[in-house]
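Participant: need the 3D shape of this:
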Amino acid sequence: MSGTVRRRVALSLPLVAAPALVRAQGATIRLGVLTDMAGPYAGNTGPGSLTGARLAAEDFMKANPTLHVEILSADAQNRVDVGSQAARSWFDTQGVDAVLDLPMSALALNVIDIVKEKNKVALFTGPASSDLTGRACSPNHVHWVYDSWSLAHALGTATVQVGGDTWFFLTADYAFGHSLERDTSAFVTAAGGRIVGTARHPFPGTTDFSSFLLQAQASRAKVLGLANAGSDAVNSIKQAAEFGLTRRGMRIAAMLTQINDVHALGLEAAQGLLVTESFYWDMNDGTRAFTERFVRERNGQRPGMIHAGAYSATMHYLKAVASLGAAQAKADGAAVIRRMKEMPTDDPLFGQGTVRADGRKIHSMHLFQVKTPAESRGAWDYFQLLQSVPPEQSFRPMAEGGCALVRP
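Facilitator: Below you'll find the predicted structure:
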């Protein structure tokens, strides 16, 4: 690793545990990874997102030896108040220039106001709500990796086309779940399907989904749509199998089930699931090379799309900082975002792309089916590619989002 490694703990904010990457000389850019370190989203974000950001900083500093990059991290505990306090404290007392990840949509929507007030930068790689580049778009943030529209577009349409034309939603009762249910419902109905019921479970803290699954069973829907994620989705799928929903013919559409969730479930339980992802570790030479480095840092864990997004977003942000100059970048977060939109994106994980005027990062999305145990070559060989959706079709058309930054 280039540079030296040290740890910083901010005494004024005990939840911060900050592995840092620094150089011996030059300007310093500070990036805070605000994530879920131990809760339901930790496997898909958390320490893996921190690793993705650190690897990007390492690669960037090799090519730009006069610029320090220091990475901090904090556990938002899946609470809007805790995460917002962390972001504000970083900006006010620790000289942080940008925040990254933020797996809760409700937290991301709150932090938008903070980065606008402070003229800082938010790089949203963890949250899902498509509102982040719609009604809530701002000049101080971008949305990377995926969103509820992109997840719903491929999965909702494809499931109806193969006969899954009646849906019951099990939804996490906060901004992310509501957005994912809304966007998926629109595609289901547009494809000729019907929504026959919805049950919303509290977040976080729900572990027993039995009452909700009984409602789904009673609805006689052909598809159980999971508008939740992380351990909530894993537990929902496991308990649905225990209740015999899949044996009775109900298909599960898990809109935000990622590779770490499949690993936790095991192929016996997860086989046949359709998932939409923007990244898979075994897609090509570039994704496999990144995975080799990630695995060494994460004790064998493969990266998911949010971990890859932490690398990609951090790298593009730092390229924009270098283009502007560190002093101007630290003084004007909105200027960094403008530069990120002006520069084409290009990295080995997502390929070439762009950041649109509404802040939406554009790249291909991929529809995968989870392999059967017999089809898998071993641990982490879980996905079979069914379809790749080109970048221009993968995300909501900019004119339809209602972003005030987009001129008619």
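Participant: can you show me the helices along the chain?
Facilitator: Taking DSSP state H as the criterion, the chain carries its helices at 46-63, 80-93, 105-118, 148-161, 175-190, 210-219, 230-242, 259-265, 267-270, 285-297, 305-324, 326-331, 333-342, 391-394.
Participant: can you lay out those helices as a markdown table showing mean neighbour count and distance to Gly359?
Facilitator: For the C-beta atoms, the positions are set from N, CA and C on the backbone; glycine is no exception. Putting these into a markdown table (neighbours: other CB atoms under 10 Å; distance: least, CB to CB, whole Å) gives the following:
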| stretch | mean neighbour count | distance to Gly359 |
| --- | --- | --- |
| helix 46-63 | 23 | 19 |
| helix 80-93 | 19 | 17 |
| helix 105-118 | 20 | 10 |
| helix 148-161 | 24 | 14 |
| helix 175-190 | 22 | 16 |
| helix 210-219 | 16 | 34 |
| helix 230-242 | 21 | 24 |
| helix 259-265 | 23 | 26 |
| helix 267-270 | 18 | 33 |
| helix 285-297 | 15 | 24 |
| helix 305-324 | 26 | 12 |
| helix 326-331 | 16 | 17 |
| helix 333-342 | 20 | 7 |
| helix 391-394 | 16 | 15 |
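Participant: can I get these in a markdown table with distance to Asp36 and mean pLDDT?
Facilitator: A markdown table is the format used below for the helices of the chain (distance: least, CB to CB, whole Å; pLDDT from 0 to 100):
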| stretch | distance to Asp36 | mean pLDDT |
| --- | --- | --- |
| helix 46-63 | 5 | 97 |
| helix 80-93 | 9 | 97 |
| helix 105-118 | 10 | 97 |
| helix 148-161 | 18 | 90 |
| helix 175-190 | 12 | 93 |
| helix 210-219 | 22 | 95 |
| helix 230-242 | 8 | 91 |
| helix 259-265 | 12 | 93 |
| helix 267-270 | 22 | 90 |
| helix 285-297 | 18 | 97 |
| helix 305-324 | 10 | 98 |
| helix 326-331 | 28 | 96 |
| helix 333-342 | 24 | 98 |
| helix 391-394 | 25 | 91 |
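Participant: for these, give me a markdown table that also has distance to Gly39.
Facilitator: Rendered in a markdown table, the data for these read as follows (distance: least, CB to CB, whole Å):
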| stretch | distance to Gly39 |
| --- | --- |
| helix 46-63 | 8 |
| helix 80-93 | 11 |
| helix 105-118 | 12 |
| helix 148-161 | 20 |
| helix 175-190 | 14 |
| helix 210-219 | 20 |
| helix 230-242 | 8 |
| helix 259-265 | 13 |
| helix 267-270 | 21 |
| helix 285-297 | 21 |
| helix 305-324 | 14 |
| helix 326-331 | 32 |
| helix 333-342 | 28 |
| helix 391-394 | 29 |
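Participant: select, out of those helices, the one closest to Ser138.
Facilitator: Ranking the helices of the chain by proximity to Ser138 (CB to CB) places helix 105-118 first, at 5.2 Å.
Participant: which strands and helices lie in contact with that closest one?
Facilitator: Packing partners of helix 105-118 (3 or more CB pairs under 8 Å, 6 or more residues apart in numbering; DSSP states H and E): helix 80-93, strand 121-124, helix 175-190.
Participant: how about those, which one is nearest Thr51?
Facilitator: The nearest among the helices and strands packed on helix 105-118, by CB to CB, is strand 121-124 at 15.6 Å.
Participant: neighbouring strands of that closest one in the sheet, and parallel or not?
Facilitator: Strand 121-124 pairs in its sheet with strand 98-101 (parallel), strand 141-143 (parallel), by DSSP bridges.
Participant: can you say which of these is packed in most?
Facilitator: Ranked by mean neighbour count, the strands paired with strand 121-124 are led by strand 98-101 with a mean of 30 (mean count of other CB atoms under 10 Å).
Participant: how near is the spatially closest residue to His153 that is not a sequence neighbour to Thr159?
Facilitator: The shortest distance from His153 to any non-neighbouring residue, by CB to CB, 6 or more residues apart in numbering, is to Phe187 (5.9 Å). To Thr159, Phe187 is 9 Å away according to CB to CB, to the nearest Å.
Participant: kindly report the same for Glu392.
Facilitator: Relative to Thr159, Glu392 is positioned 23 Å away (CB to CB).
Participant: same thing with Met398?
Facilitator: Distance, Met398 to Thr159, using CB to CB: 26 Å.
Participant: swap in Trp281?
Facilitator: 25 Å.
Participant: same check on Cys403?
Facilitator: To Thr159, Cys403 is 29 Å away according to CB to CB.
Participant: next: Thr291.
Facilitator: According to CB to CB, Thr291 and Thr159 sit 29 Å apart.
Participant: likewise Ala308?
Facilitator: Ala308 is 25 Å from Thr159, by CB to CB.
Participant: ramachandran coordinates for Asp208?
Facilitator: Per-residue torsions, Asp208: phi -110, psi 110 (degrees, to the nearest 10).
Participant: list the contacts for it?
Facilitator: Gln239 (CB atoms under 8 Å, 6 or more residues apart in numbering).
Participant: run a quick neighbour tally on Ser138.
Facilitator: A total of 20 residues lie near Ser138 under the criterion other CB atoms under 10 Å.
Participant: any idea how far the residue nearest the centre of the chain is from Thr257?
Facilitator: Residue closest to the average C-alpha location in the chain (CA atoms, centre = their mean): Gly126, at 3.0 Å. Gly126 sits 15 Å away from Thr257, going by CB to CB.
Participant: circling back: quick check: closest non-adjacent residue to the residue nearest to the centre of the chain.
Facilitator: Pro103 (3.4 Å).
Participant: any idea how far the nearest residue to Leu155 once chain neighbours are set aside lies from Ala218?
Facilitator: In space, Leu155 comes closest to Thr276 once its chain neighbours are excluded; the distance is 5.0 Å by CB to CB, 6+ apart. Per CB to CB, Thr276 is found 28 Å from Ala218.
Participant: next one: Arg248
Facilitator: Distance from Arg248 to Ala218, by CB to CB: 12 Å.
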